[in-house]
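Asker: Let's see this in three dimensions:
(4 chains)
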There are 4 protein chains.
Amino acid sequence: MAGSIFGDMFRVSTWGESHGPALGCVIDGCPAGLELSEEDIQPYMDRRKPGKSKLETARAEADKVEILSGVFEGKTTGTPISMIIRNASQHSSDYDELKDVYRPGHADMTFDAKYGFRDYRGGGRSSGRETAARVAAGAVAMKILKEMGIDVSAYTASIGNIKIEKNNDMLERLSNPVAMPDKIAASEVFKFMDECRAKLDSAGGTAECLIKGVPAGLGEPVFDKLDALLGHAMMSIGAVKAVEIGDGINVTSSYGSENNDEMHMENGHIAFGSNHAGGMLGGISNGNDIFMRVHFKPTPSIFSEQKTVNKKGEDVNLAIKGRHDPVIVPRAVVVVECMAALVITDLLLKNMSSRMDHIHKIYDNL
Amino acid sequence: MAGSIFGDMFRVSTWGESHGPALGCVIDGCPAGLELSEEDIQPYMDRRKPGKSKLETARAEADKVEILSGVFEGKTTGTPISMIIRNASQHSSDYDELKDVYRPGHADMTFDAKYGFRDYRGGGRSSGRETAARVAAGAVAMKILKEMGIDVSAYTASIGNIKIEKNNDMLERLSNPVAMPDKIAASEVFKFMDECRAKLDSAGGTAECLIKGVPAGLGEPVFDKLDALLGHAMMSIGAVKAVEIGDGINVTSSYGSENNDEMHMENGHIAFGSNHAGGMLGGISNGNDIFMRVHFKPTPSIFSEQKTVNKKGEDVNLAIKGRHDPVIVPRAVVVVECMAALVITDLLLKNMSSRMDHIHKIYDNL
Amino acid sequence: MAGSIFGDMFRVSTWGESHGPALGCVIDGCPAGLELSEEDIQPYMDRRKPGKSKLETARAEADKVEILSGVFEGKTTGTPISMIIRNASQHSSDYDELKDVYRPGHADMTFDAKYGFRDYRGGGRSSGRETAARVAAGAVAMKILKEMGIDVSAYTASIGNIKIEKNNDMLERLSNPVAMPDKIAASEVFKFMDECRAKLDSAGGTAECLIKGVPAGLGEPVFDKLDALLGHAMMSIGAVKAVEIGDGINVTSSYGSENNDEMHMENGHIAFGSNHAGGMLGGISNGNDIFMRVHFKPTPSIFSEQKTVNKKGEDVNLAIKGRHDPVIVPRAVVVVECMAALVITDLLLKNMSSRMDHIHKIYDNL
Amino acid sequence: MAGSIFGDMFRVSTWGESHGPALGCVIDGCPAGLELSEEDIQPYMDRRKPGKSKLETARAEADKVEILSGVFEGKTTGTPISMIIRNASQHSSDYDELKDVYRPGHADMTFDAKYGFRDYRGGGRSSGRETAARVAAGAVAMKILKEMGIDVSAYTASIGNIKIEKNNDMLERLSNPVAMPDKIAASEVFKFMDECRAKLDSAGGTAECLIKGVPAGLGEPVFDKLDALLGHAMMSIGAVKAVEIGDGINVTSSYGSENNDEMHMENGHIAFGSNHAGGMLGGISNGNDIFMRVHFKPTPSIFSEQKTVNKKGEDVNLAIKGRHDPVIVPRAVVVVECMAALVITDLLLKNMSSRMDHIHKIYDNL
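Answerer: Residues are numbered from 1 along each chain as shown, chains lettered A, B, ... in the order given. Sure, this is the predicted structure:
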């Protein structure tokens, strides 16, 4: 209830601070019989881990994940899966001078307002490092989805004013350090970020996420619509300031006759002539590809001087030091994927009991 | 768990279909001792109810709300508050020909995919009429917020390509039928909608929501950030395709040095020089105004002919008849307000146990 | 979260006070496609309703249940089922003199301590009348269980010192007003209760509940064991002071060699030579009959004089007037059944996603 | 939702198997500002840990608890507290021959029925060792309760047919290995258990729990009554087959005039002349001591031969080997305490928002 648990049937509890001994998660509700090992999870950890290029913080973390429970003889047992990732490269002393100062754009001031004090080392619980635990959990969800024929792929769509021209090269996104499926745009980003760093500044950007293979019927009407749960999941990622489903904001200046996705039959199945809706209607998946856009603000840690206040209530000037990502999107792309995977997996499990005929299918010939 | 319950401590359960005998809600967790009567709720119902202008469906519903429990001698008792709104103007026969046809842009196809069949009369549970119950619940939350000095105001910011120029006339928004705080823009909308209707088409638009007086400290780190819960709440409203917090999408092309809100001391309190963040940092309110933008798609019910399929799996053409709002935003504005009020109220209650000193304040001198 | 919602996947929200206009419930998560009408529910309401004999309060309530949503063309739609039961026979003036007095054994004093004031008419929300809404919800669960071949039967096992000798005549329990499956014991109870009433006193007793046909595998390890959820459900019924599963308290003086239920194969299935465990092992059903005992205190409303205090903090004497059940068990038997049905139904739905092969069964050939 | 999470506001997630590398828990919702270190928790771990006498399994575990997050500079930060306890003394090979055999009275058969297979080493997740994680979490709750002046004490009240004569020596219960507050009864138990072991058998028994200092007003009406949550918590402990509140089963043969606790004023506060109710009325604490009895079955692991079946569906005979507690109650006493502490703490936090005046107390002069 204090906000570190996500999901209803596939329920993930995360813990850990930036400069504590470790971070981790517990998954309660993973179905039994899924083949699972650390090897399934590590590739996702590696995509998120820092230090892969000069666009990322220099903090060196191997981010090795270790499974402590819930897996036996290579398969999930249905009981809680606990995973731990040790922190290795804490430079806590970097933060001594931030002990009493509120960094603009960070949660320093709000954590103090809420809790009376805070773990100031590297942002404590509010650090982006917290997402390592989400990625570990999401990688397990991703394994389930793969087994059900569902693919979740996110990529960087823009950084600053540089936008991708094409979005269909999913391998390319894994091979360049800005996670763009467009090599040319990626190289422009490198130049832009060089300028940005030279100005001691940081940049924002957009991730897009495409989910293929989701059967029609996922999502719960009214409050737990598929859109609502995806919106919740994405906006729970630090630095996200906007989420769009399908055509997103553009729908506001579209006409109904343009925006509706017409249907027709194709090989005995319902097909859509377009996908303005982004794969869902009335909050329920319609079998079309799910598509969304997630918008990130510039990294708030910048090296140029800013006006702010300290805990004693004094006006002060602050130039942040330390190790920071000048843009957060490339490393956040895998977090977007993993959060989307958690949403889809949870809905997949919840939808099982939506119909009496499903219930008969499970129990009739036990 | 099937999606019709919202909130954790201030928990709202809604029920009802467009053409059933009634709709309603149950609030479990409203604090005892709040003065409450139907008179507090009805003004919100009246803002949402249809038929106030030619921009709205001609369906005539008084939308009188009746409190059935949880209030005694004019005050809430702490036990569940059940409210009912009777449906009065069902023209179910309007829908006979939609029984087996899937309207583009509607949930007909997805409800059938999920549940095997559906209440096809007026969209059943997927109708916008469902939001009447949310408004009743939200009005109770609004009463609590008012008592705590918190004000929630939403208004129409754009319809089609027509945008408001000013947003500070909150009384004007209550007096024109498009809920715009800008009389001139409102009159342009009337002309635009006339054209739209003449083309048998519909339009989308944007609502904005401003929340003043929220103390710093609301919102739970990680998954239940204030942003995440607002995003969830807004995207749970039918037809919403995008949500922006603060500067929203514009942050992606901003620099950190521009986007960070600098702080300074003002009369002993922390003040911000700007509000790009929309009133929250790290998912927790910072005492600044909360601001968000909610984007609605055009009403999917249009009178021009569309290609679609029926339940038997045949291609058919469909021109929708019946009574529909040609644009949904003006009536949705109060739903935005009410959903925001539910989020803030729930977080207000949850935050009470965030600190040991709060707990001592309540129990020490019982 | 304020305690009037029960269940996770089959989630019931109840509302209403003893002397308000109505009581009711909302079920969120009932699977679609269940045939359901008021006729399925009324028989359970009739077993609970008062005034069937002189052992019960003279308050005359038809307890007619009305379905307001979630059922279309005779079948559940998967959306919330709202049910309402109107109060007809409120003698609120009976309670005027109880306005400021705390009745011993009742929740008057504790409601005031918790909420600052209370609806004093007939106990308000703490009245046994609240269980009418549980029975309406439980009857829907019972319909699902019947379709799955599961039978839930509760009966009165003792009143005061009078215990049943036999417990296998389930029809008899429906035909005598004390709900005993033993005609001879029932007639002794009538005599005992006459004496009890003559002494202006009340009595307690025990209900037993037998559940047949539950497949092995229901119940979640650790905190949500089948035993734990049944214990929770039973102890949530007012006046229950103890719950036993299987051999219950007797296990404490038994030896392991006596108490273990040995297993053997019978027609290709695992069978048990005994049922000391009451149908569950490690919190999970084992396929054996589920058996429990639920113990009720004497009705606290008695006509003889008692010492107590009033809201002003004065010592006073009180002789209660009004209409009360001199023993609560016979009418509570159907509440026990219905609460058990809610637990089993919820676990049946939750268990569907416990294994990957279940998930494949539902989604593989969509 | 898969049963390894407990509580709503003070929410505990546990994980780990008997023979995995470690067990642990995550607490989400612990208020900030509580002084906390491993030293607060270890004494509870030590009371539960095995091998303190010949009445306990010879498995040697130090059960050292390690805090991995949520505590900074000696105080809780309000963010999740993760704790880990490493398994040190796994003799997994002891269990090789149990791989395919279902031990009577154990969860072997039901785990296989539910999940298709199981971690058979030492019972896996169904082992009593799971409770180590509960004790770690409960010890944190206990620290909060102590700060609020609430004391929770449990002790062994009976083993086999030997019952304690006095229950007021709480120090004695900490110094003898059967956790009895009665030295004489304790010495009789040693003799009884010698006989029991000689017969290759095991015994059951009863724990009692007394909670002092709970303010009136805790517990939520209807489904989440204080009694219901305590019943849930106690029955979630493996081997518990019955729970009694206050006079428990004895109320069934009591009269209302005997069983009601009369009230009078004492020094300006309401006092009770007796405590048949065990400290709660209508599911809400009344300020009186909370009292309950928890009944445990004999340890199912016995060395004498039993009839059972194996996974292949064959009848087999089984004499269990390995290391087991011949009676479980003495080590379970601290688990009873800790589960009770979790319930009271969660209700304490939830009750904070029960009244508008509480809400004003927290927010009015922020």
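Asker: buried sites along the helix or strand that residue A:294 is a member of?
Answerer: In this structure, residue A:294 sits in strand A:290-296 according to DSSP states H and E. The neighbour-count check on strand A:290-296 (16 or more other Cβ atoms under 10 Å in any protein chain shown) flags A:290, A:291, A:292, A:293, A:294, A:295, A:296 as buried. C-betas here are computed from N, CA, C, even on glycine.
Asker: now stretch A:251-260
Answerer: Here stretch A:251-260 shows A:251, A:252, A:253, A:254, A:255, A:256, A:257, A:259, A:260 as buried, counting by 16+ other Cβ under 10 Å.
Asker: do the same with stretch A:345-358
Answerer: Neighbour-count burial for stretch A:345-358 flags A:345-356, A:358 (criterion: 16+ other Cβ under 10 Å).
Asker: Closest one to chain D out of the buried residues of stretch A:251-260, please.
Answerer: Chain D lies nearest to residue A:251 out of those, by Cβ to the nearest Cβ, at 34.5 Å.
Asker: From residue B:205, how far out is the closest residue to that closest one other than its chain neighbours?
Answerer: Take residue A:251 and drop its neighbours on the chain: the residue closest to it by Cβ to Cβ, 6 or more residues apart in numbering or on different chains is residue B:297, 4.0 Å away. For residue B:297, the distance to residue B:205 (Cβ to Cβ, to the nearest Å) stands at 9 Å.
Asker: Give the residues shared as contacts by the two.
Answerer: residue A:252 (Cβ atoms under 8 Å, 6 or more residues apart in numbering or on different chains).
Asker: and the buried residues of stretch A:251-260 as JSON lines, adding pLDDT, distance to residue A:314 and secondary structure?
Answerer: Shown next, in JSON lines, are those (pLDDT from 0 to 100; distance: Cβ to Cβ, whole Å; DSSP: H, G, I helix; E, B strand; the rest coil):
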{"residue": "A:251", "pLDDT": "98", "distance to residue A:314": "47", "secondary structure": "helix"}
{"residue": "A:252", "pLDDT": "98", "distance to residue A:314": "44", "secondary structure": "helix"}
{"residue": "A:253", "pLDDT": "96", "distance to residue A:314": "47", "secondary structure": "helix"}
{"residue": "A:254", "pLDDT": "97", "distance to residue A:314": "51", "secondary structure": "coil"}
{"residue": "A:255", "pLDDT": "97", "distance to residue A:314": "55", "secondary structure": "strand"}
{"residue": "A:256", "pLDDT": "97", "distance to residue A:314": "56", "secondary structure": "helix"}
{"residue": "A:257", "pLDDT": "96", "distance to residue A:314": "60", "secondary structure": "helix"}
{"residue": "A:259", "pLDDT": "98", "distance to residue A:314": "53", "secondary structure": "helix"}
{"residue": "A:260", "pLDDT": "98", "distance to residue A:314": "58", "secondary structure": "coil"}
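Asker: In JSON lines: those residues, plus distance to residue D:111.
Answerer: Compiled in JSON lines, the buried residues of stretch A:251-260 are given as follows (distance: Cβ to Cβ, whole Å):
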{"residue": "A:251", "distance to residue D:111": "50"}
{"residue": "A:252", "distance to residue D:111": "53"}
{"residue": "A:253", "distance to residue D:111": "57"}
{"residue": "A:254", "distance to residue D:111": "54"}
{"residue": "A:255", "distance to residue D:111": "58"}
{"residue": "A:256", "distance to residue D:111": "54"}
{"residue": "A:257", "distance to residue D:111": "57"}
{"residue": "A:259", "distance to residue D:111": "51"}
{"residue": "A:260", "distance to residue D:111": "50"}
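Asker: out of those residues, which one sits closest to chain C?
Answerer: residue A:260 (23.8 Å).
Asker: can you pull the contacts of that closest one?
Answerer: A:276, B:104, B:105, B:300, B:302, B:306.
Asker: who wins for most neighbours among those residues?
Answerer: residue B:104 (28 neighbours; other Cβ atoms under 10 Å in any protein chain shown).
Asker: Going by secondary structure, that one is in what exactly?
Answerer: Using DSSP H and E, no helix or strand contains residue B:104.
Asker: Next one: it relative to residue B:356, how far apart?
Answerer: Applying Cβ to Cβ to residue B:104 and residue B:356 gives a distance of 56 Å.
Asker: same thing with residue A:126?
Answerer: Applying Cβ to Cβ, the value for residue A:126 to residue B:356 is 20 Å.
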